[in-house]
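Q: Here is my input, please return the structure:
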Amino acid sequence: MTAGTTGVSADAIYYPDVAATRFYVGALAKLSVLQYFVAEAAVIGAWAAAEPYSRRTGYISDLGAVACGDFDGRDVCSPAHLLMNASFVVQGFGMIIGALLLGSVLLCCAARPGAPTRGRAGSQPVSPAPGRAGRSVGVAAAAAARVLTGTAGAGTVIVGLVPEDTGSGWHLAGALMYFAAGSLALLVIGGLWVRRTSLGWLILACGVVSLAALIAGGVTDMKVPEPGTLERLMGYPITAGVAAAGLIIAQRVRHERSLRKAARAL
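A: Okay, here's the model as predicted:
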């Protein structure tokens, strides 16, 4: 049937089945990035260099260095480096899986509790924003966020697979992919959700802080009194922002599932 015969505008956009299992898995994948904070704390606890490790002055990548000794003027010895590098890889795959499973249209409606979803009878067309241009921009922005999140995830996988003391430039490239693409992804997602959920402001703020710290690191070449603090201002907000996005989506999926369960009980 054509749009004319069904009475549905050609400009209508179809929301996905928000209660679908794939979206719940994608949301949990994003939430899984929080394991990084636990792993980092454990690895810092096992630090064995002459000087205690400090988050203020120590680089994150030092925790994943394979060998003990001098690295770039720093005394590095991380016996639990395998745990740190595994955490990087798990975090990266969590972001990649989330980017693959969470569709662009879902990202547009996940933080909008009143948005219609597809029922059991099939897709339900709605108009979430005035005009085709507004809808297209929203979906395009969400698609960009997915690409950026996946790129950031790939970057931190590289960081975990290629530790800093391997002598490969891929480690630095992976770190830059994570910091740059991750901060931009949060800016886009935060912009999409800022008027629909209070956590949208948190996600947006995380993107701003991360990107500002990345720019500061580039301008100063990380030659600051507390390089560890600056690097964590680049990385921690990305982990927190991605987890917040996963929480919003998981809550929406659970809400939709609860509504359907209640409807079936009637």
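
Q: Quick one: the strands in this structure, in order.
A: 13-14, 69-71, 74-76, 125-126 (DSSP state E).

Q: Compare those strands and say which comes out lowest on pLDDT.
A: Lowest mean pLDDT within the strands of the chain: strand 125-126, a mean of 42.

Q: quick one: Glu258 from Ala20, how far?
A: One thing to correct before we go on: residue 258 is Ser, not Glu. From Ser258 over to Ala20 the distance is 15 Å, taken as CB to CB, to the nearest Å. Every residue, glycine included, has its C-beta placed from N, CA and C.

Q: neighbour-wise, which of these two wins?
A: Ala20 (18 against 11; other CB atoms under 10 Å).

Q: Check what pLDDT the closest residue to that one other than its chain neighbours gets.
A: Nearest non-adjacent residue to Ala20, counting by CB to CB, 6 or more residues apart in numbering: Val253, 7.8 Å away. Val253 carries a pLDDT score of 87 in this model.

Q: Provide a list of residues in contact with Val253.
A: Val18, Ala19, Ala20, Phe23, Tyr24, Ala27 (CB atoms under 8 Å, 6 or more residues apart in numbering).

Q: mind listing which of those are in helices?
A: Cross-referencing those against helices under DSSP state H gives Phe23, Tyr24, Ala27.

Q: Ranking by neighbours, what's the top pick from those residues?
A: Using other CB under 10 Å as the neighbour test, the ones in helices among the contacts of Val253 are led by Ala27, with 25 neighbours.

Q: And that residue, how far from Ser87?
A: 20 Å.

Q: likewise Trp201?
A: Taken as CB to CB, the span from Trp201 to Ser87 is 28 Å.

Q: got it, and Gly207?
A: Counting by CB to CB - Gly207 and Ser87 are separated by 22 Å.

Q: Look at Thr117 and report its pLDDT.
A: 47.

Q: which ones are touching the residue lying closest to Gly150 once chain neighbours are set aside?
A: Distances taken as CB to CB, 6+ apart place Ala99 nearest to Gly150, at 3.7 Å, with adjacent residues excluded. Neighbouring residues of Ala99 by CB under 8 Å, 6+ apart: Arg146, Val147, Thr149, Gly150, Gly153.

Q: Of those residues, which is the most crowded?
A: Gly153 (30 neighbours).

Q: does Ser54 really touch Gly228, like I thought?
A: Yes. Counting by CB atoms under 8 Å, Ser54 touches Gly228, with 6.4 Å between them.

Q: okay, these two: which has more neighbours?
A: Under the neighbour definition other CB under 10 Å, Ser54 and Gly228 were set side by side, and Gly228 has more, 18 against 12.

Q: can you tell me how far that one sits from Arg74?
A: According to CB to CB, Gly228 and Arg74 sit 11 Å apart.

Q: now do Thr197
A: With CB to CB as the criterion, Thr197 and Arg74 are 41 Å apart.

Q: The two: which is more packed in?
A: Higher neighbour count among Thr197 and Arg74: Thr197, with 18 against 15, using other CB under 10 Å.

Q: Chain neighbours aside, what residue packs nearest to the more buried one?
A: That would be Ala111: by CB to CB, 6+ apart, it lies 4.4 Å from Thr197.

Q: swap in Gly58?
A: Gly58 sits nearest to Gly228 (CB to CB, 6+ apart), 4.7 Å away.

Q: Confirm for me that the one you found is in contact with Ser61.
A: No. Checked against CB under 8 Å, the pair Gly228 and Ser61 is beyond contact range at 10.6 Å.

Q: Low-confidence bits of the stretch 101-250 of the chain, can you list those?
A: 112-135 (pLDDT under 70).

Q: can you give me the helices for it?
A: 104-109, 131-161, 170-193, 198-220, 227-265 (DSSP state H, counting those that start in this stretch).
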